[in-house]
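>>> Dropping the sequence and predicted coords here.
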Amino acid sequence: MKLLSGARAYLVVLAVLSGMALAAAGAGCANEKSTDGPTSAVSPGSFSVNEDAGGSGAMPVFSGDCAGNLQSIAVSPATSSAQIAYPQQPSPVTFTATGTFAGGQTMDVTGCVAWSTNVPGLGTVSGGMLTPAGAGQYTVTASNGSIAGSATLTVKLTGSAIEGGVASAMLDGTPSGTGPTIAYPLDGALFPYHFGDLAFQMVPTAGQTIARVNFTGDAIDFNVYAPCTPIANAAVSGACSIALPADLEADLAGASAATNLSETVRLAGADGSNLVESASIDARWSSMPLSGTIYYWSTPPQTMSGSSEIIRMNLSDAGTPPEVYLTNQDTATYAQPLNGGGYCIGCHAISRDGTKLGITIGGSSINANGDGYGSLFALVDVASKTPTATQITQPGGQQLLDDGFATLTTFSNDGDSMVQELQGSLYLRTADMTLASQGPLFSSVTESMTQPSWSPKGDRIAFTSWVPDLNIPHQYDSKDLNGNETPNAQIWTASVSGTTFGTPTLLVPRVTNLTEYYPALSDDSALVVFNESSCSGTTSAGSDGYGESPCDSYDDPSARLRLVAASGGTPVELDTASGRTSGWPTADTWTNSWPRFAPSHGTFQGKTLYWIAFSSRRAYGGTLAGSANGTTPPQIWFAGVAVDASGALSGDPSFAPVWLPLQNSATPEVLADGGLAQTLGAAGVPTGNHIPQWVVQYVAYVPPAFQAQ
């Protein structure tokens with residue numbers, strides 16, 4: 001790491017929180033002893049992390065082992081401060097826990113309580129000693145059973161970092177003239193930890209080449225001086241990027257947990273000329289990384305053929321580029337009639353453990369309706385990339401199924417079962433070689449049903465219902481039963497126990513001139529995120545006549561994100577994530593579609609933090625162009641949603657989204673012989689990326705050529 005000029009200083013301020021002692025309830029009984037125990041974040045707004053178990057939950061979380069009759073805990077010291085110069089780390093801070101027992105006696109209980117912080121990814125605490133990783137506001141808690149006392153620690157980063165030999169004096173004068181635009185991050189954005197893309201994209205006003213990024217907040221007062229490097233093939237002429245030091249990320253994550261944080265950017269010529277300053281934005285960085293593996297359907301640039309592929313990215317291994325997992329050409333081996341290729345494989349689903357892939361081949365039509373062959377199905381073993389079972393051809397294997405088999409699929413939490421949609425009906429099927437079927441499900445719902453989403457916990461399912469409407473265009477969907485064109489739809493939920501389904505209840509009723517669709521359940525079954533589009537919105541830009549109604553749920557430009565409690569209630573708007581403004585549904589419409597929750601959740605600023613992946617056509621800074629009418633390729637974006645710890649929904653709990661780095665630079669598919677397939681497009685050239693699916697783990701593919709080795 002380069003030694004950066006300037007000073008980096010930390011101001012550490014500790015304030016004990018009073019009045020947080022809780023009544024004793026079954027406290028453990030033991031003599032006082034020196035027991036550090038594993039760290040567990042049990043204070044309000046924290047992860048539940050077992051330090052000894054690596055955060056996996058494999059071991060019980062230590063909850064204190066102090067003497068009986070403990071009534072309250074107080075943590076000291078009350079206040080302290082320190083300054084640390086960059087690039088040094090903050091010094092450890094020692095806390096003492098004093099317990100008050102029945103009768104008023106006090107005792108040092110530092111060694112027998114459980115110690116925790118609200119941001120365990122950014123600091124460790126053991127035996128009363130807190131080692132902060134960087135800037136931020138830490139809540140340090142000592143607990144014994146249900147009794148707890150806490151203190152807050154504020155670490156303030158000051159100073160500067162200089163990159164690329166930039167002369168800081170050239171950027172510290174008085175700016176004048178028209179300020180530049182911060183093209184990215186978006187104002188109000190929240191980044192996952194170790195997400196990459198630690199940079200600011202700018203649009204200079206007069207050919208400026210050097211920059212200063214200023215961070216100001218409760219826990220930071222810091223400048224980064226660096227070149228503004230031109231972005232190759234930028235969508236916005238002259239756009240440039242300012243790279244931040246990688247070791248600043250922990251400080252940004254900590255400072256983001258405080259109440260106040262803002263950023264401004266100055267640009268100037270190398271000689272200090274044309275010095276200008278942007279308006280401020282509020283971008284944040286989380287201490288919670290993304291986890292699991294995300295799959296998405298990708299289509300090559302519009303100048304190429306109609307081929308498509310399924311790409312996946314191991315988010316648990318930060319910085320790993322995505323890889324092409326499967327292409328439509330791979331399905332040609334499943335059945336002889338598919339040898340011609342060209343069949344869509346976009347409708348896909350992955351089991352929660354990442355071991356099974358369900359793909360629909362040929363799109364959502366069925367030949368029995370005169371709309372062409374589609375809704376053919378294959379259940380694929382992810383590790384071997386071979387089909388476990390298929391429903392593609394009629395007996396004899398020479399003719400494709402006229403009636404199809406499945407269009408949209410969702411797996412049970414154990415991966416043993418699926419709920420699948422075909423022509424407006426839902427079926428329960430086994431996810432094995434038999435594909436044994438039960439159904440149709442939910443006879444009490446008299447409308448057509450589609451878009452099933454089985455919760456990761458396995459205890460709830462959500463789905464969409466609609467009344468087929470033949471008065472709007474339905475190319476390749478002559479009966480409006482395919483399930484991905486759902487005008488004026490509404491959303492239902494039903495309880496699930498194993499594979500027994502309860503009676504559905506209406507969650508989001510239909511609204512005139514709108515359609516509600518694409519529901520997805522959070523990992524804890526608490527929330528449902530979904531789409532809404534308007535019939536007064538822009539018509540879809542498709543060229544084949546499919547889904548061209550502005551509110552049929554298929555690639556609708558006005559699609560926006562909404563959120564509702566799975567137990568029912570009034571939905572809230574995720575307008576910050578959607579980029580929705582007062583011009584909606586005819587302006588600032590970014591086709592925000594197919595939302596999916598992360599397989600786990602955490603905390604941010606004392607609230608429960610969920611990550612949502614979705615596809616969108618909004619612009620990625622100065623790098624990629626966006627479109628409000630659906631004419632540019634969609635991209636994968638992530639947005640944080642911070643919900644009150646009680647679960648109550650109010651206001652807009654979303655942050656502005658962040659673009660998935662490297663998503664257009666997937667490594668080529670590994671073939672059965674261990675070789676690499678031909679890449680569909682050049683690295684970095686935008687492909688159409690949509691229909692994200694998010695699972696717990698990455699399952700490696702081992703080519704048959706290597707399996708015996």
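It's in.
>>> Convert the strand or helix carrying Phe200 to CSV, retaining C-alpha atoms only.
Assessed by DSSP states H and E, Phe200 sits inside strand 199-203. This file holds the C-alpha atoms of strand 199-203, laid out as CSV (Å, rounded to 0.1, in the frame of the first residue of the first chain):
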residue,chain,number,x,y,z
ALA,A,199,-15.0,5.1,-7.2
PHE,A,200,-16.8,8.3,-8.2
GLN,A,201,-17.8,8.8,-11.8
MET,A,202,-17.8,12.5,-12.9
VAL,A,203,-18.8,14.5,-15.9
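>>> what's the average pLDDT for it?
Across strand 199-203, the average pLDDT comes to 97.
>>> Just give the number of residues close to Ser425.
Residues contacting Ser425 under the criterion other Cβ atoms under 10 Å number 16. Where C-beta positions appear, they are placed from N, C-alpha and C, glycine not excepted.
>>> I meant Ser444, not that one.
10.
>>> Quick one, grab the pLDDT at it.
Value listed for Ser444 in the pLDDT field: 97.
>>> Tell me the secondary structure of it, please.
coil (DSSP: H, G, I helix; E, B strand; the rest coil).
>>> Chain neighbours aside, what residue packs nearest to it?
Leaving out its chain neighbours, the residue that sits closest to Ser444 by Cβ to Cβ, 6 or more residues apart in numbering is Thr503, at 5.7 Å.
>>> Phi and psi next, for the one you found.
phi -80, psi 130 (degrees, to the nearest 10).
>>> so how far is Ala489 from it?
Using Cβ to Cβ, to the nearest Å, Thr503 is found at 20 Å from Ala489.
>>> more crowded one of these two?
Counted by other Cβ under 10 Å, Thr503 and Ala489 do not tie: Ala489 has more neighbours, with 31 against 11.
>>> Could you check the pLDDT of that one?
For Ala489, the predicted pLDDT is 97.
>>> just Gly26 next, same as before
Looking at Gly26, its pLDDT reads 28.
>>> again, but for Glu249
pLDDT, read off for Glu249, is 94.
>>> mind checking the SS state of it?
Classification of Glu249 using three-state DSSP returns helix.
>>> Find the residue closest to it in space, skipping its chain neighbours.
Using Cβ to Cβ, 6+ apart and skipping the chain neighbours, the partner closest in space to Glu249 is Leu198 (6.0 Å).
>>> What separation do you get for Ser558 and Trp466?
From Ser558 to Trp466 the distance is 17 Å (Cβ to Cβ).
>>> Tell me which residues are up against the strand holding Phe200.
Under the criterion Cβ atoms under 8 Å, 6 or more residues apart in numbering, residues 180-185, 211, 213, 228, 231, 236, 238-244, 263, 265, 267, 278, 621-623 lie in contact with strand 199-203.
>>> could you redo the last one with a cut-off of 6 Å?
180-181, 183-184, 213, 228, 236, 239-243, 265, 621-622 (Cβ atoms under 6 Å, 6 or more residues apart in numbering).
>>> element containing the closest residue to Lys385 other than its chain neighbours?
Spatially, and ignoring its direct neighbours in sequence, Lys385 is nearest to Tyr701 (5.4 Å; Cβ to Cβ, 6+ apart). Using DSSP H and E, Tyr701 sits in no helix or strand.
>>> can you check the one 4 residues further on too?
Of the helices and strands defined by DSSP H and E, Ala705 is found in helix 704-707.
>>> domains for this structure, by residue range?
Residue ranges for the domains of the chain, per automatic domain parsing: 8-156, 163-286.
>>> is it possible to export the ones you listed to CSV including mean neighbour count and distance to Gln420?
CSV is the format used below for these (neighbours: other Cβ atoms under 10 Å; distance: least, Cβ to Cβ, whole Å):
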stretch, mean neighbour count, distance to Gln420
domain 8-156, 19, 32
domain 163-286, 19, 32
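>>> which stretch in those domains is the model least sure about?
Taking the mean pLDDT of the domains of the chain, domain 8-156 comes last: a mean of 68.
>>> what's the spacing between Leu357 and Thr409?
Distance from Leu357 to Thr409, by Cβ to Cβ: 10 Å.
>>> go on, Ser176?
59 Å.
>>> Gln137 and Thr154 touch, don't they?
Yes. At 5.0 Å, Gln137 and Thr154 qualify as touching, with contact defined as Cβ atoms under 6 Å.
>>> Right, I'll leave it there.
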